[in-house]
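In: what follows is a protein structure lacking sequence information:
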């Protein structure tokens, strides 16, 4: 360091025989070269000012992270300082846990050619990285001050990323998470007590909040508020978007406990990927503008799309600008021969949007899905917002829709009942088969409404609640004409 009070001050130990590799911050060579090194005395806390200056904070932070990675520790930014990054800072592979402490400072990421902060390369595995903020702020500023068209973080081969108490403003994209070409995946991201504002910017428009390709592990949000700018609404923009465009993608767990997740289009979106477990609680709120809080799609030729376990509760809010919304939307391309979605639980869902169903099943493309099997849907303790709301809408070209083990139950204090339990909204569906265990406690019009279908069947042990009168259907004579009028409306009916 060459300038007084530039942050490079410290206490040193001199080793006349050492030829250790210098790093410009903790190991310095003597003038003239040869043997002899100065070793900085420190407690495991590193500062970027030791390695560089405001002329290139990206290089200085990279050097600090590299030195810290030798044995682990903390890289600390100085309180009250604005750090403007116009170059990329990269954390290399380390087998030790590293904390990046940004408490009390302001980070301004303005790198124009990629993520400002890159962790790992995907070739090997970084261990646990913690970004600790409390009163720290990450804010690139206005578009006139620097580029905002790139992700904030790129995570390539990271075992655990913890982001604790960070306030992020004017963020274009929070993270690019993994790549299908990585030898090591990114396992899990934790956001705890974070406040993230994502908005449209002049440099590139909207993108996904977290984009994952080939990712695995889990995303965990706790008491965090993720908000899209209400004045800038665009379609096909999600907070978490998981895709397998370059290879198989899998997400083992999505957890949203408390806070508010607001997206322009969908809060959580999975395309040709496998979400194994979604878990939320009733203190969580999901606001989406034009589509659904949770969206799962299997595109053309996909065999791996779907969801295995989804346990969703909380409030489906009014969204940035949307007028209708669904808690869950399931979509399958018609080129697929057999797509299954199973173990879907919506519990304690409180709607504040009018008109939208709790679950919407639809298709895309040409032809028809040979078999769309929606298995084990349980909607419990739900609270519709108006009398025109339906529990489940089937809306697509499906040769055979199998409804297997569904339960629909209202909250005891609910003002409104669902209009229909299952509403088939298209004549293209050739058959709907309720195979077993279909239960609904209350409705205003019909348990099943199907004005279009030519083949409708209910299995032997299907229980239907018709206006509060539970009955188990075992043989056709057991169901009278009055019962059918109360319980099922539609075309041909068989058991």
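Out: Arrived safely, thanks for sending. Computed from a predicted structure; not experimentally measured.
In: residues of the helix ranked longest in the chain that come out buried?
Out: Secondary structure of the chain per DSSP state H: the longest helix is helix 57-68. Under the neighbour-count criterion of 16 or more other C-beta atoms under 10 Å, helix 57-68 has 57, 58, 59, 60, 61, 62, 63, 64, 65, 66, 67, 68 buried. Heads up, the C-betas are built off the backbone N, CA and C, glycines and all.
In: after it, which helix or strand is next?
Out: strand 73-76 (DSSP states H and E).
In: partner strands of that next one and their direction?
Out: Sheet pairing of strand 73-76 (DSSP bridges) gives strand 45-46 (parallel), strand 98-101 (parallel).
In: highest mean neighbour count out of the ones you listed?
Out: Neighbour counts (mean count of other C-beta atoms under 10 Å) averaged over each of the strands paired with strand 73-76 peak at strand 98-101, with a mean of 21.
In: can you tell me what sits against that strand?
Out: Applying C-beta atoms under 8 Å, 6 or more residues apart in numbering, the external contacts of strand 98-101 come out as 65, 68-69, 72-77, 91, 127-132.
In: mind redoing it with 7 Å?
Out: 65, 68-69, 72-77, 129-132 (C-beta atoms under 7 Å, 6 or more residues apart in numbering).
In: what do you get for stretch 64-71?
Out: Where contact means C-beta under 7 Å, 6+ apart, the residues beyond stretch 64-71 that reach it are 23, 25-26, 46-48, 50-51, 75, 91-92, 94, 96, 98.
In: picking up where we left off before, any of the contacts of strand 98-101 buried? List them.
Out: Buried, going by 16+ other C-beta under 10 Å: 65, 68, 69, 73, 74, 75, 76, 77, 129, 130, 131, 132, out of the contacts of strand 98-101.
In: quick check, nearest of those to residue 384?
Out: For residue 384, the nearest member of the buried ones among the contacts of strand 98-101 is residue 131. The distance, counting by C-beta to C-beta, is 40.4 Å.
In: my read: that closest one touches residue 168, true?
Out: No - the criterion here is C-beta atoms under 7 Å, and residue 131 misses it with residue 168 at 10.2 Å.
In: now the two most distant members of the contacts of strand 98-101.
Out: Greatest spatial distance in the contacts of strand 98-101: 72 and 77, 17.9 Å, computed using C-beta to C-beta.
In: if we can go back for a sec, among the contacts of stretch 64-71, which lie within strands?
Out: Those of these mapping onto strands are 46, 75, 91, 98, per DSSP state E.
In: need the max-distance pair from these.
Out: Using C-beta to C-beta, those span at most 12.1 Å, a distance reached by 46 and 91.
In: about what we covered before: and the ones in strands among the contacts of stretch 64-71 as CSV, adding distance to residue 328 and pLDDT?
Out: Formatted as CSV, these follow (distance: C-beta to C-beta, whole Å; pLDDT from 0 to 100):
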residue, distance to residue 328, pLDDT
46, 46, 96
75, 41, 96
91, 37, 92
98, 38, 93
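In: how about the contacts made by residue 191?
Out: Going by C-beta under 7 Å, 6+ apart, residue 191 touches 163, 221, 224.
In: is it true that the last one touches residue 194?
Out: I take that to be residue 224. Yes - under the criterion of C-beta under 7 Å, residue 224 makes contact with residue 194 at 4.2 Å.
In: the helices in the protein, which residues?
Out: For the chain, applying DSSP H gives helices covering 57-68, 481-487.
In: no further queries at this time; thank you.
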